Structure formats: C-alpha cells, structure tokens
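Chemist: Give me coordinates for this.
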Amino acid sequence: MQRQALIGWGFIKVISASYGRSNRDTCSSGRPPSQLSNTQCHQHQSLRIMSDRCNGMSSCAVPVTKSVFSDPCVGTYKYLDISYTCHPVNTGSLFIYHANYGRRDLLTCPHEHATTPNCYHSQTDYLRGRCNGKTSCQLNASNTVFSDPCRGVNKYLEVTHSCTPS
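Modeler: The predicted structure follows:
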C-alpha cells in the first residue's frame, strides 16, 4: 500500500465503501453464476478501513485482499465499490481589515443588556497580530480577552476580514 502525506493539491475524503457483492453485473465477466448469485455479501468494516487508510491523504492505494478486508462470503466473487471526494488544500491566509469589541448599535446581537450603542474599542491591531497570515484563527470574544469598554452592556466582536492567496 502506498500512502503519501498531504502535499499541495488536495486531500481525499472517503464518502462510502463496500467490499463484497451487491449485484450480479459488476465485475462479472468470465465468472460462473455460482460466484455472482450472493448479492447480499458485504464486509461491514469497509468504510472504516478505507477512511482510516485514505482520509487526509493526497493519494492512496489499498490492496483489495482478504488480509485487508477479510472474506464476508466464501465462494462469492467480490469487488470494492468506493465513493470519495477530493478537497483542495486551502492555500490562502487571513487578513484582518477591521475589528471592534463592544457595541456599535442596538440591532446587532439584540439582548436586554444591549442598552448603550457606540460603546466599543478597536481591536484591529490585536487581531492583526494574532491572526494575519494564518489559515485559521480562533479566540473567545470576552472581557477576559479584550478590555471591557462598557460595564454591564452585552457586547460582541465584529471583524471584517478576507482570505488572501498565499
């Protein structure tokens, strides 16, 4: 089995996988009817096996053998039916244009303690220092992270940002 770490183009996400036989037609050429008749033959761990081996990889090759999938029904000719997507790698980074913590109006995040508009501090420099250039940025919008511009007033963090190409 070949397995490569995530590099450049994208990564695999396995949607479904079934090892066994669910119909008489798929992969039936040259096979006797006795090997095609059991259409209720499935290895129940196929999705887990394929997900464990391939999710997050840029390429993946898994041998379809009994040592990997076991044999759910002896004497039946089996095949692997798999569905997957390829997700592009995010190659952009964050850029913060503007950020405020507090309250600039009474309509955003309405609350009974939203009694005073125009009570905020700019947090643009703080967020730029913490988030610019990263592919993601997470923080709590709270008085413990930002200074409290107005006690007793329900506040929110307002951020204007974009994802710029690397």
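Chemist: Below-threshold pLDDT in the protein: ranges please.
Modeler: Along the chain, segments meeting pLDDT under 70 span 1-9, 90-91, 165-166.
Chemist: Apply 50 and report the result again.
Modeler: Counting by pLDDT under 50, the chain has low-confidence residues at 1-8.
Chemist: quick check: domain ranges of it?
Modeler: The chain breaks down into these domains under automatic domain parsing: 2-88, 92-165.
Chemist: can you put the ones you listed in a markdown table and add mean neighbour count?
Modeler: Where C-beta positions appear, they are placed from N, C-alpha and C, glycine not excepted. Formatted as a markdown table, the domains of the chain follow (neighbours: other CB atoms under 10 Å):
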| stretch | mean neighbour count |
| --- | --- |
| domain 2-88 | 14 |
| domain 92-165 | 14 |
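Chemist: Secondary structure element holding N100?
Modeler: strand 92-103 (DSSP states H and E).
Chemist: what lines up beside that strand in the sheet?
Modeler: strand 119-122 (antiparallel), strand 156-165 (antiparallel) (DSSP bridges).
Chemist: which one of the ones you listed lies closest to I82?
Modeler: Among the strands paired with strand 92-103, the nearest to I82 by CB to CB is strand 156-165 (31.5 Å).
Chemist: neighbouring contacts of that closest one?
Modeler: Residues outside strand 156-165 that contact it (CB atoms under 8 Å, 6 or more residues apart in numbering): 90-104, 108-109, 120, 123, 127, 131, 141, 146.
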